[in-house]
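Novice: kindly generate the corresponding structure for this input.
(2 chains)
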2 protein chains.
Amino acid sequence: MGEAAAIAMDLQALREPIVQAPLAGGPSTAELAAAVSDAGGLGFLAAGYKRAAAVRDDLAALRSLTDAPFGLNIFAPPGTPPDAAAVARYAETLRPEAERYGVAVGEPRHDDDDYGAKLELVRAERVPVVSFTFGCPAGEVVARLKAAGCDVWVTVTNPEEAAEAESAGADALVVQGFEAGGHRGYFRDEVLADDLGLLAAVRLVARRVRTPLIAAGGIADGASVAAALSAGAAAAQVGSAFMLSPEAGTSAPHRDALARDGSTRLTRAFSGRRARGIVNRFMVEHDAEAPIAYPDVHHVTTPIRAAARKSGDPDGINLWAGQAHALAVAEPAGEIVRRLGREAREAAAELARRLG
Amino acid sequence: MGEAAAIAMDLQALREPIVQAPLAGGPSTAELAAAVSDAGGLGFLAAGYKRAAAVRDDLAALRSLTDAPFGLNIFAPPGTPPDAAAVARYAETLRPEAERYGVAVGEPRHDDDDYGAKLELVRAERVPVVSFTFGCPAGEVVARLKAAGCDVWVTVTNPEEAAEAESAGADALVVQGFEAGGHRGYFRDEVLADDLGLLAAVRLVARRVRTPLIAAGGIADGASVAAALSAGAAAAQVGSAFMLSPEAGTSAPHRDALARDGSTRLTRAFSGRRARGIVNRFMVEHDAEAPIAYPDVHHVTTPIRAAARKSGDPDGINLWAGQAHALAVAEPAGEIVRRLGREAREAAAELARRLG
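Specialist: Numbers count the residues shown, from 1 in each chain, chains lettered A, B, ... in the order given. Below you'll find the predicted structure:
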């Protein structure tokens, strides 16, 4: 134990240069990750919002479905607790929402999402790729994971975060552009950030570090995959494009919204941290009041979101989606991987003709 | 007259798939446009903020330097005048700024930037490519220009604007991503817009229209040019990357700021319309108060910006820059075109190897 050589996931060796975004909060399933990995991409499990024991079950389910490599995403722990009074004031403004859906407002909680237990789990289970979002684990944590045979990836949004993650020993960096659906991966959410678009982010990060990059954000078809690789990424991470697949756990109202042309925005209304979702009533009515308070606000809105989801009302749900969500196609996840790969090769051939 | 066949600028035939951004407000010069066109790209003149007579002089200067095709950018006229009281209030808050630089606050003016005279000029001069920003000219205007032998391009930021421009008869669309420096090209500035990143914008627009696309925003090296072409654009428009060239009219303090790693943001503080520039004191202090009032606010801040520029103080200037401005290199414009072309071909070859 601890002596295993690092697996050193070779991104260049992936049959299709496509990494499935973890998709915490519902869409993530073992079936989705298995289908993506079996088709030659790299499937991911999302540990976020689950106890370590539930994640262990997901790992067992995935390993019963495939022998292919896969990844698992963990949320780095949040910073110092927010102003409790601000959270309480926001919870108070949400009381009519809770009444509308027949539930109580949730209790705020500044928890670490079972971080320590998840770190132990992925070491014990020798998960091939462990990625982090919302921050960079300390160098010793990275070293221990690598010694156990895990590759460590860190989600970054700008060159400074990339340099920090490289110093900590990350094997690869997921460069998240402003276009991405779901939460922004900023290490420090309270600082006004740069919001780099994907192409600019990849080029600026590539100038700063030598670690392999995975491009994430607004990539939902093969031409975009080819573009990400042209920009120097070793692979493209794709989220929204998988959310209509039958293997995904995406809720019915969320599927309906994704398939339409709806605009997306960043908001703290649902979780206290900026995240991109399709514009709906809850976002419009509460965005301006939401404090910087993750995951405290997430827990406050949980009962409301759950009830809205259950009743099929898209206006009370966090409809996470990337800017290109309207390009998603409802087909099996393996088909999506193969189609994106085919489209990317067509785009590469066309590019070679043009620049020949 | 009026019977000339349209030149139908063939973007595929450009030796280098690189279009110079117009760069109104200082950096645009005939020398820059000539150098870009001579190197096999497509140089552009900026008609913005100039009287038609001055633009005629620029055209004469450019044609004395090169026989190669080129483009000229015109600002579409603004919409209805803004609330004059809001503009007056903002002007009042800028009084200390004006005093700091020893000038008076400018007079607000809701002018159309000599639109009609410029349309006449480009028809009479048979400018090869006439591009529009801030809106789409009416179908009859487009038809008259095309009849005179001009190709008509329209800057768009989303699929709806793209469809409108295609209906009006545009020959090509400049798809502007959120990353771009300078003003956002929204047709209707007062509507809360989607702020699509470049890759997502190009893919969503490509799904909606059949008109050739030029990708603009955050493209400052050849790998990004290859990425834009992979995404389906016929060419890439490049702005910040040319602003350090000796041919550009970029001011000294602006050059210094571009070469550093400074963050950029969108702001209305300088002109009353959202535009991306490097964060400086003026932006931070006035962003929140600036009304939606273009070009009225532009005229209000003109004396302040001119005085700050003259005194070499970057903190009073609109330091327009795209998100990737730190990639700009101070070399001759023709060298930049050739280097970006070379880097793009290298990226295409690497992509072909990866996806082979």
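Novice: chain B contacts on the stretch 251-356 of chain A?
Specialist: Counting by CB under 8 Å from any CB of the partner chain, the stretch 251-356 of chain A comes close to chain B at A:261, A:263-264, A:322-324, A:326-327, A:341, A:344-345, A:347-349, A:351-352, A:354-355. Backbone N, C-alpha and C define where each C-beta goes, glycine included.
Novice: how does it look with 6 Å?
Specialist: Contact residues, the stretch 251-356 of chain A versus chain B (CB under 6 Å from any CB of the partner chain): A:263, A:323, A:324, A:344, A:345, A:347, A:348, A:351, A:352, A:354, A:355.
Novice: out of those, which are buried?
Specialist: A:323, A:324, A:344, A:345, A:347, A:348, A:351, A:354, A:355 (16 or more other CB atoms under 10 Å in any protein chain shown).
Novice: which of those residues fall in helices?
Specialist: Taking DSSP state H as the definition of helices, these contribute A:344, A:345, A:347, A:348, A:351, A:354, A:355.
Novice: what comes into contact with stretch A:101-112?
Specialist: A:77, A:81, A:87, A:91, A:94-95, A:98, A:296, A:299-300, A:302-304, A:307-308 (CB atoms under 6 Å, 6 or more residues apart in numbering or on different chains).
Novice: in the residues you listed, find the pair that's most separated.
Specialist: A:77 and A:95 (29.4 Å; CB to CB).
Novice: give me the more crowded residue out of these two.
Specialist: Between residue A:77 and residue A:95, counted using other CB atoms under 10 Å in any protein chain shown, the more crowded position is residue A:77 (16 against 11).
Novice: in a strand, that one, correct?
Specialist: No - according to DSSP: H, G, I helix; E, B strand; the rest coil, residue A:77 belongs to no strand; its state is coil.
Novice: so what pLDDT did residue A:17 get?
Specialist: Residue A:17 is assigned a predicted lDDT (pLDDT) of 97.
Novice: quick one: which of the buried ones among the residues of the stretch 251-356 of chain A next to chain B is nearest residue B:158?
Specialist: Using CB to CB as the measure, the one of these that approaches residue B:158 most closely is residue A:323, at 10.1 Å.
Novice: and stretch A:96-105, end to end?
Specialist: Using CA to CA, to the nearest Å, the end-to-end distance of stretch A:96-105 comes out at 9 Å.
Novice: again, but for stretch A:135-155
Specialist: 8 Å.
Novice: cool, and stretch A:137-154?
Specialist: Start-to-end span of stretch A:137-154 (CA to CA) is 8 Å.
Novice: quick one: contacts of stretch A:213-224?
Specialist: Contacts for stretch A:213-224 (CB under 6 Å, 6+ apart): A:19, A:173-177, A:179-180, A:198, A:202, A:228, A:233, A:235-238, A:240-241, A:322-324, A:327-328, A:340, A:343-344, A:347, B:197, B:199-200, B:203, B:231-232.
Novice: filter these down to the buried ones, PyMOL style.
Specialist: The buried residues among the contacts of stretch A:213-224 can be selected in PyMOL (16+ other CB under 10 Å) with this line:
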select buried, (chain A and resi 19+173+174+175+176+177+179+180+198+202+228+233+235+236+237+238+240+241+322+323+324+327+328+340+343+344+347) or (chain B and resi 197+199+200+203+231+232)
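Novice: kindly report the residues of the stretch 101-250 of chain A close to chain B.
Specialist: Counting by CB under 6 Å from any CB, the stretch 101-250 of chain A comes close to chain B at A:177-179, A:194, A:196-200, A:203, A:218, A:223-224, A:226-227, A:229-232.
Novice: which ones among these map onto helices?
Specialist: Those of those lying in helices (DSSP H): A:198, A:199, A:200, A:203, A:223, A:224, A:226, A:227, A:229, A:230.
Novice: list just the nearest of those to residue B:336.
Specialist: Using CB to CB, those come closest to residue B:336 at residue A:203, 15.3 Å.
Novice: where's the closest one relative to residue A:233, distance?
Specialist: Distance from residue A:203 to residue A:233, counting by CB to CB, to the nearest Å: 10 Å.
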